[in-house]
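Novice: here is a sequence with its predicted model. Questions after.
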Amino acid sequence: MSVSTESQAGSLSRRRFFRWASSLAAALGAAPLVSSAKTLSSSMASPSASFDGEDYYAKLGVPTIVNAAGTYTTLTAACMPPEVLAAVQKAALHPVRLHDLQQKAGEYIARRLKCEGAVVTSGASGAISLATAACLQYANNLNIVDMPQAIDGMKNQVIVQQAHRYEYDRAMYLCGARVTEVVTLDDYKRACAAGNAAMTNFFNAAEDEDGIAGSAQIGREEWLRVAHEYKIPCHLDAAADMPPISNLWKYTGMGFDLVAFSGGKGMRGPQNAGLLLGRKILTDLAHANNNPGDGIGRGMKVAKEQIVGMVAAVDWVLTHTEESMQGDYQKRVDLIASAVKGIPSVRTETVVPRIANHVPHLLVRFDPAVTGVTTGQIVDALRKATPSIELNPNTGQKPNQGIPADANTLVVGVWMLQPGEDAIVGQRIRAALTKKS
Ligand SMILES: *Cc1c(COP(=O)(O)O)cnc(C)c1O
């Protein structure tokens, strides 16, 4: 690019910025913003700086990917929809009193999601920690600053079914809590009667929606009934379990005292945000333990951008119906399936895992003896292409998490694809299966 076109492009985007800034100022009734923006542009901006923002992925040499995997944290999970992104951008322009924002955001979300109280957290894992801190305090009447060091010997147990133990147990341990593991209903009743439990944790995806409890022996209803006989609050981890949209109020409605959702998964809020929903007496304690106080949550800071982003994500989710959301994902599945149609030995099917990641996924089954390529070679080819495509990690694996894959099956997660990427994924899979890549 020559110098003159570069500066032309620069002044063009500056003009665009002023148009945007003046319309924003008009909307906010804040005329001074325009003059301060002018000062900023003349005194601080370098001649070629563009207000559209620098592409730091390009500058840092970090390749962007097409996410045909799903809401995986290591793949940075969801991208925010334009409405949410615009709300975040607007919020970033003005400081506010953080406490006011946390309170008002919590009240608004609680109203929209039909529960008593809500906290915007740093993610579902952060929500589990704040839930634990709240329940420990509720059970022990502790000061915030006494956790975790003074909790030993107090009511510090969280009761969990053996089949519900998972990597997020650490989110509870860091508050000083310890886990009492139970298998049978009798174990559970004994653990509740022991009198040293502050909370129970239920891993939602460990139980099927039909109430079949998998390898766990105690279902949701019975779990709640027994704990509540002993007045022990129950936390439910439903991090990845939206859609269905109604899950956002179903579990609090059932009687779970606290429920955690991830903000950066199906809700498509900021990746470092989540929700803790539930009884106000407990969500108030969670707020009290949250940043910027001196509690457990101090290191789980949620900035104004994430708080507003999460509120906007709730609004975004609620503009959808179950049918519109799933129908859009199904269209992407159908488009990719049609792209691989007619390739010898290839068969496609749609699967919707029953609980976590409850959205249409495409399975592409093939016979490597016919196609002449293996699953591993296809995964590599897609990864090395530009743009680099990541398939769902259940690709080539045994059946897992409700996805009946096998060694010769590609699993395509479509719900995190950006507009137009379904067509790219379809073409690339076709090329890989026919060795044209
Ligand atoms: C993803 C997930 C979490 C963590 O969610 P973050 O928002 O990334 O903190 C916790 N529990 C379960 C079951 C999850 O799937």
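Specialist: Thanks, I have the structure now.
Novice: hmm, Ala260 is touching Ile128, no?
Specialist: Yes - using Cβ atoms under 8 Å as the test, Ala260 is close enough to Ile128 to be in contact (5.5 Å). C-beta coordinates here come from the backbone N, C-alpha and C atoms, glycine included.
Novice: these two: which is more packed in?
Specialist: When Ala260 and Ile128 are compared for neighbours, Ala260 comes out ahead with 32 against 28, by other Cβ atoms under 10 Å.
Novice: SS state for that one?
Specialist: Three-state assignment for Ala260 (DSSP: H, G, I helix; E, B strand; the rest coil): strand.
Novice: for Gln427, same thing?
Specialist: Applying three-state DSSP: Gln427 is helix.
Novice: I'd like the numbering to begin with 14 instead of 1 from here.
Specialist: OK, 14 is where the count begins now, so the last one is Gln440.
Novice: for it, what are its contacts?
Specialist: Taking Cβ atoms under 8 Å, 6 or more residues apart in numbering, we find Gln440 in contact with Ala352.
Novice: what about it, distance to the ligand?
Specialist: With distances taken as Cβ to the nearest ligand atom, to the nearest Å, Gln440 is found 31 Å from the ligand.
Novice: any idea of the pLDDT on that residue?
Specialist: Gln440 carries a pLDDT score of 97 in this model.
Novice: one step back: now do the shared contacts for Ala273 and Ile141.
Specialist: With Cβ under 8 Å, 6+ apart, Ala273 and Ile141 have common neighbours 248, 250.
Novice: for the nearest residue to Thr334 once chain neighbours are set aside, helix, strand, or coil?
Specialist: Nearest residue to Thr334, sequence neighbours excluded (Cβ to Cβ, 6 or more residues apart in numbering): Ile258, at 7.7 Å. Following three-state DSSP, we place Ile258 in the coil state.
Novice: report how many residues lie close to Ile258.
Specialist: Neighbours around Ile258, by other Cβ under 10 Å: 18.
Novice: please apply the same query to Ile78.
Specialist: Ile78, neighbours per other Cβ under 10 Å, totals 14.
Novice: from Thr87, how far out is it?
Specialist: Distance of Ile78 to Thr87, given as Cβ to Cβ, to the nearest Å: 11 Å.
Novice: what do you get for Arg110?
Specialist: 35 Å.
Novice: next one: Gln440
Specialist: From Gln440 to Thr87 the distance is 25 Å (Cβ to Cβ).
Novice: cool, and Cys205?
Specialist: Where Thr87 is concerned, Cys205 sits at a distance of 37 Å (Cβ to Cβ).
Novice: so what does the residue nearest to Ile157 when sequence neighbours are not counted look like in phi/psi?
Specialist: Nearest non-adjacent residue to Ile157, counting by Cβ to Cβ, 6+ apart: Gly308, 4.3 Å away. Taking degrees, to the nearest 10, you get phi -80, psi -170 for the backbone angles of Gly308.
Novice: how deep is Gly308 tucked in, by neighbour count?
Specialist: Neighbours of Gly308 (other Cβ under 10 Å): 25.
Novice: let me see the contact set for it.
Specialist: Under the criterion of Cβ under 8 Å, 6+ apart, the neighbours of Gly308 are 146, 157-158, 160, 301-302.
Novice: what is the three-state secondary structure of the nearest residue to Pro400 once chain neighbours are set aside?
Specialist: Closest residue in space to Pro400, ignoring its immediate chain neighbours: Val79 at 5.1 Å, by Cβ to Cβ, 6+ apart. For Val79, the assignment made with three-state DSSP gives strand.
Novice: can you name the residues that contact Val79?
Specialist: Val79 touches 400-403, 430-431, 434, 437-438, counting by Cβ under 8 Å, 6+ apart.
Novice: next: Val315.
Specialist: 115, 133-135, 139, 285-286, 303-304.
Novice: ok, Tyr181 touching Ile141?
Specialist: Yes - in terms of Cβ under 8 Å, Tyr181 counts as a neighbour of Ile141; the distance is 5.7 Å.
Novice: which neighbours do the two share?
Specialist: Counting by Cβ under 8 Å, 6+ apart, the residues touching both Tyr181 and Ile141 are Asp250.
Novice: what about whatever residue of the chain ends up closest to the ligand, how many neighbours?
Specialist: Relative to the ligand, the nearest point of the chain is Gly136 (2.7 Å; Cβ to the nearest ligand atom). Residue neighbour count, defined by other Cβ under 10 Å, stands at 28 for Gly136.
Novice: that one and Ser228, how far apart?
Specialist: Counting by Cβ to Cβ, the gap from Gly136 to Ser228 is 27 Å.
Novice: try Ala301
Specialist: Where Ser228 is concerned, Ala301 sits at a distance of 37 Å (Cβ to Cβ).
Novice: which one of the two is surrounded by more residues?
Specialist: Legend: neighbour count by other Cβ under 10 Å for Ala301 and Ser228, higher for Ala301 (17 against 10).
Novice: quick one: that one and Ile157 touch, right?
Specialist: Yes - if you go by Cβ under 8 Å, Ala301 and Ile157 touch, sitting 6.2 Å apart.
Novice: tell me the confidence at the residue lying closest to Thr89 once chain neighbours are set aside?
Specialist: Among residues not flanking Thr89 along the chain, Gln284 sits closest, at 5.9 Å (Cβ to Cβ, 6+ apart). What the model reports as pLDDT for Gln284 is 96.
Novice: quick one: residues contacting Gln284.
Specialist: Here Gln284 is in contact with 86, 89-91, 136, 276-277 (Cβ under 8 Å, 6+ apart).
Novice: hmm, try it at 10 Å
Specialist: 84, 86, 89-93, 136, 275-278, 319, 322 (Cβ atoms under 10 Å, 6 or more residues apart in numbering).
Novice: no further queries at this time; thank you.
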